[in-house]
Each structure stands twice: as structure tokens, then as C-alpha cells.
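**Q** the following block contains a protein sequence and its predicted model.
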Amino acid sequence: AQSVTQPDIHITVSEGASLELRCNYSYGATPYLFWYVQSPGQGLQLLLKYFSGDTLVQGIKGFEAEFKRSQSSFNLRKPSVHWSDAAEYFCAVGAGGANNLFFGTGTRLTVIP
Amino acid sequence: ETGVTQSPTHLIKTRGQQVTLRCSSQSGHNTVSWYQQALGQGPQFIFQYYREEENGRGNFPPRFSGLQFPNYSSELNVNALELDDSALYLCASSLLRTGSYNEQFFGPGTRLTVL
């Protein structure tokens, strides 16, 4: 069965510091992996996705993620965090004939000045 | 290009009532998926509609039902509301193409509160 684990419920970083959000997945085949961001009261915005090919993928807003099959991980990184990055971040794996998404429980990012 | 829209934005119902949520898909998309996001949780897949038929369902009881219309818009209906149905309901549209994964675009959601 598919599952996604985001081990960090809440992370606090200083503005300008680097960021890494962890994501581990369980899926029997080659996964389709996603990172979404959700601001308070908003829907989900896609940051980046991995379908195949280069394991380091670039996304919007300066985010990147690296797919590591051996570790079943797809961690999200940003070299320098901005105050506007404060939000909830969700990792998801795409699976099934319906192409539905399985989400992790999310990591809430707080950015302090 | 018009994005995914949902209505209403907020809704308050009482236990036992029925509710209908609406979603207009993004232009050019033929598939709509519905997700339930309880407070503090990630979204959970309810079901997907493609060509006006259900095309996959998550672990939700039959009192959660849906429709898709010829213009690809969709409704989510929930009967006999329970307190635990209180959540943000997200709609996502995509262009389903055989043999590939299809990116889903999310609407802003409908916040349902059941009292």
C-alpha cells in the first residue's frame, strides 16, 4: 500500500537560513512524487514534481528536491528561506489507476526574522 | 486560462443534514478528483470522476457521492452529515491521458463545519 511519511510536524528556521523538509514514501513501483505548499485558508500549490529522469528536480520559488530510491526519500530543500515561505508543506505520491494522490500529514514551516 | 473554482467558500451544517459542494474544473481538463482535509491532516482522496463516471474511490462510505457534468464540472454530495465530516474539501482537475501520470490542479477548497 502507498504511504507517505513526513517526520517533522513543525520546523522553525530563521530568514535566510537553509531549509530541508523530509519525506519518505512507500510504494511498490516507480513513484510519482510531489511537493505542495498550502498557505492558511488556501488550496494547494504545486512546488515541484518527479516523474522520472534526473533525480534532482527544480521547482518554483527557489525550491528543489532530490529523489533517492535507495532511501525511499524525496526531501525538499531551499538554500535561503524567505519570510513568505511560511506555510504548510505536503509531500505526496501519485498512484493508482485514478492517478490519485496520497499525502503526508504535512510539515508546518515557521520563519523567524 | 481559468483555474479551478469551488463554491461555496464556507458552509455550516448540522449533524444529519445533507450538503452539496461544487467544483468547476480548469479549462481543457476532463477529470475531477475530490479530497477531504481534516484539521491538521493531509488531504485524503475521496473519489475521481472521468467522463461523468466514477474512476476510482478512496476509503469513504457510500454517503459520499458525486457527479460530473458534460462540461466537466462536478459536485460532491454528503448525506447524513457527521461531526467528523468537518473539514476542508478540495477539488482538483486534470487532463487524464492513458499511460501517463497527470498533474492535478487544486481549487481553494470549501470549508465545511458540522455542528
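**A** Right, received. Where do you want to start?

**Q** for burial, what's the neighbour tally of the nearest residue to residue A:95 once chain neighbours are set aside?
**A** In space, and not counting its chain neighbours, residue A:95 is closest to residue A:2: 4.7 Å by C-beta to C-beta, 6 or more residues apart in numbering or on different chains. C-betas here are computed from N, CA, C, even on glycine. The tally of other residues near residue A:2 (other C-beta atoms under 10 Å in any protein chain shown) stands at 17.

**Q** list the contacts of residue A:2.
**A** Residue A:2 sits next to A:25, A:26, A:27, A:93, A:95, A:96, A:102 when contact means C-beta atoms under 8 Å, 6 or more residues apart in numbering or on different chains.

**Q** work out for me the element the residue in chain B that chain A sits nearest to sits within.
**A** Per C-beta to the nearest C-beta, residue B:56 is where chain B lies closest to chain A, at 2.5 Å. Assigning secondary structure by DSSP states H and E places residue B:56 in strand B:53-57.

**Q** what helices and strands are in contact with that strand?
**A** For strand B:53-57, the packing partners by 3 or more C-beta pairs under 8 Å, 6 or more residues apart in numbering or on different chains; DSSP states H and E come out as strand B:44-50.

**Q** and the strand it packs on, anywhere near chain A?
**A** Yes: against chain A, strand B:44-50 shows contacts by C-beta under 8 Å from any C-beta of the partner chain at B:44, B:45, B:47, B:48, B:50.

**Q** contact residues of chain A facing chain B?
**A** So chain A meets chain B at A:4, A:32, A:36, A:41-46, A:49, A:51, A:90, A:92, A:94, A:96-106 (C-beta under 8 Å from any C-beta).

**Q** any of those buried? List them.
**A** A:4, A:32, A:36, A:43-44, A:46, A:49, A:90, A:92, A:94, A:98-104, A:106 (16 or more other C-beta atoms under 10 Å in any protein chain shown).
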